[in-house]
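1. requesting a structural model of the entry that follows:
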Amino acid sequence: MAYSEEELNVIKHELRQTIQRQMWSRGWSKSDLVREVNNNKQQDDQHRLYLSDFGSYMDIKGKRTFPISVIDDISKVFELAEGELYHLYFGECYKDGKLIGYRSEDFIFRCIVVGQLDISTKLIGALITKSLTNLNIVYEVVKRLYFDNKLQLGEHLIELIFEKDNNRFSKRLAACYFFRFFILRDRSMEDGNKALVRMLEYLKFMPDDIRMEAYLRIVRFYNAQDDWINTYQYAKELEALATDDNYRGEALIYQGFVLRDQENYVDAIKVMEQYSTINDYFKNIALKNIYLTQILSGQFQYVDKYLGMFKNKNESMGFPYILDAYVKYSKLKEAVSLLNDFASVITNLEKHSTPFHKKILLHIMSTKAMLHIKNGNIELGISEAIRAAELADQLGNTKRFKQAVSLIWMYKHLTNDVQDADFLNILTRGVTGNEEIQKSGYDNVGCT
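-> Got it, this is the predicted structure:
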């Protein structure tokens, strides 16, 4: 996409004429439009539009160009669809016939967010054709999408950087391996693991801000698999590298999780006390986790204190651990009551696709299976164990997979035909060695 100076002036003029026609149709002056824009803003929005600025933007002979945010604000008060004026915005991205980097970045970002991909593709093409150094603009858009929780929309930009970046040791390319991992980890655990292996090769080349994010996501990914060794290792590395209290606090939180899951309750509480001193946010988390750790050790007097720290049940992701403790210490009535209280939480968890949420759901399924069996409902317990094994397989969680398979095997003599078929299907495709299973047959399979 290449425009002559004359063509750019025509586009700039048409944008301003379109805005002017919209004002005329409403009988608005410039002051009226500015007032409507500011009235339409949120109370905490500091970016108000001033009449003097708007006048400068509208002056075709002037040197000021419209920020894309102002075009968005104007479109709202005109009740136009998002991005409806974007086809006339190209001229604002040029100055003296040259592309303006920051204007282009803002415009590309907004085009992708509102779904105007054809327009963003044209502008990116112009940038890359001019110079491959403009890949930095594309990268900044990807980074903004990540921190705005919209990275899925930028997958094609990540692939473009992989295609065009010739420096395999560049920070930009290294960061993109993290972005690719971040997208693929939610698509499937297999794809996530492959992307993780590749990303780890580039970890040391990443920019500092992205490297901290990468470490945190690595820790969470391994934690979802109950891979205690790697969770603890990378959490320790994150703690050592962290220059920010938030990352340091997150690193300590996951170290505490590992120690707690290994039933090393004393050391877990020591770590929790350590991050409680960072700030009030981590102090609150530490207190919740200390209560939860005490509950897991059999001190049920802390249950009410723990649950009382949440405004509503949907905030408490620790209840599976309380359920665990109830089942472990055979407080079965209390366990059933807890499940009923948190039924809506379980329903909400089933709607999420992230490893974090899936791991919590897997924890609940595993514990429910044992609860049903302890209550004498073997058939329901086996069905829940089959569901747990299937989800553990998706997550690559070997620990939970083995637990579920072992439980089913223990009560195999009580399974029905449907459960037998489901169990065989799990074994022949699960995280255990399926080639040997297929050769040896179902009845020869042993579980440890």
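2. report how many residues lie close to Asn193.
-> Other residues near Asn193 come to 15 when the count uses other Cβ atoms under 10 Å. In short, each C-beta sits where N, CA and C put it, glycine included.
3. the one 4 residues further on too?
-> A total of 10 residues lie near Val197 under the criterion other Cβ under 10 Å.
4. can you give me the buried ones in stretch 406-415?
-> For stretch 406-415, the neighbour count (16 or more other Cβ atoms under 10 Å) marks 407-409, 412, 415 as buried.
5. ignore what I typed, I meant stretch 95-109.
-> Result for stretch 95-109 [16+ other Cβ under 10 Å]: buried residues 99, 103-109.
6. same check, this time on stretch 119-128
-> Neighbour-count burial for stretch 119-128 flags 119-121, 123-124, 126-128 (criterion: 16+ other Cβ under 10 Å).
7. contacts for stretch 130-150?
-> Here stretch 130-150 makes contact (Cβ atoms under 8 Å, 6 or more residues apart in numbering) with 99, 101, 104-105, 108-109, 112-113, 124, 127-128, 151, 153-154, 157-158, 160-161, 164-166, 172, 175-176, 179, 182, 210, 213.
8. give me that answer again for 7 Å
-> 99, 101, 104-105, 108-109, 112-113, 124, 127-128, 151, 153-154, 157-158, 160-161, 164-165, 172, 179 (Cβ atoms under 7 Å, 6 or more residues apart in numbering).
9. starting at the chain centroid, how far to that stretch?
-> In this view, stretch 130-150 has its centroid 18 Å away from the chain centroid, taken as Cα atoms, centre = their mean, to the nearest Å.
10. same thing with stretch 156-163?
-> Mean-position distance between stretch 156-163 and its chain equals 20 Å (Cα atoms, centre = their mean).
11. tell me which residues in it are buried?
-> Neighbour count says stretch 156-163 has 157-158, 160-161 buried, by 16+ other Cβ under 10 Å.
12. quick one: average pLDDT of it?
-> On average, the pLDDT along stretch 156-163 is 96.
13. and stretch 421-438, by the same measure?
-> Here the average pLDDT along stretch 421-438 is 63.
14. in the stretch 101-250 of the chain, where is pLDDT below threshold?
-> Judged against pLDDT under 70, the stretch 101-250 of the chain has no low-scoring part.
15. please redo it, this time with the cut-off set to 90
-> Across the stretch 101-250 of the chain, residues meeting the criterion (pLDDT under 90) sit at 126, 129-131, 166-169, 185-190, 224-226.
16. quick check: domain ranges of this protein?
-> The record's domain split for the chain, according to automatic domain parsing, is 1-130, 316-323+330-448.
17. okay, those in CSV with distance to Arg260 next?
-> Output for the domains of the chain, formatted as CSV (distance: least, Cβ to Cβ, whole Å):
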stretch, distance to Arg260
domain 1-130, 39
domain 316-323+330-448, 8
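18. so which of these is the most packed in?
-> Of the domains of the chain, the one with the most neighbours on average (mean count of other Cβ atoms under 10 Å) is domain 316-323+330-448, at a mean of 17.
19. what sits against Ile128?
-> Counting by Cβ under 7 Å, 6+ apart, Ile128 touches 134-135, 164.
20. element containing it, please.
-> Counting by DSSP states H and E, the element that carries Ile128 is helix 117-130.
21. and the next helix or strand past that helix?
-> Heading C-terminal from helix 117-130, the first helix or strand you meet, by DSSP H and E, is helix 135-147.
22. and the helix or strand following that next one, what does it pack against?
-> Next helix or strand after helix 135-147 toward the C-terminus (DSSP H and E): helix 155-164. Packing contacts for helix 155-164, counted by 3 or more Cβ pairs under 7 Å, 6 or more residues apart in numbering; DSSP states H and E, involve helix 135-147, helix 171-187.
23. buried set for the helix or strand just after the last one?
-> Pointing back at helix 171-187 there. Once the chain leaves helix 171-187, the next helix or strand it forms, by DSSP H and E, is helix 189-201. By neighbour count on 16+ other Cβ under 10 Å, the buried set for helix 189-201 is 189, 192, 195-196, 199.
24. please enumerate residues in contact with the next helix or strand after helix 189-201?
-> For helix 189-201, the succeeding helix or strand toward the C-terminus, using DSSP H and E, is helix 208-224. The contact list for helix 208-224, computed with Cβ under 7 Å, 6+ apart, reads 175, 178, 182, 185, 192, 196, 199, 203, 206, 230-231, 234-235, 237-238, 241-242, 244, 247, 250, 254, 257, 355-356, 358-359, 395.
25. try stretch 254-261
-> The contact list for stretch 254-261, computed with Cβ under 7 Å, 6+ apart, reads 219, 223, 228, 231-232, 235-236, 267-268, 271-272, 289, 293, 296.
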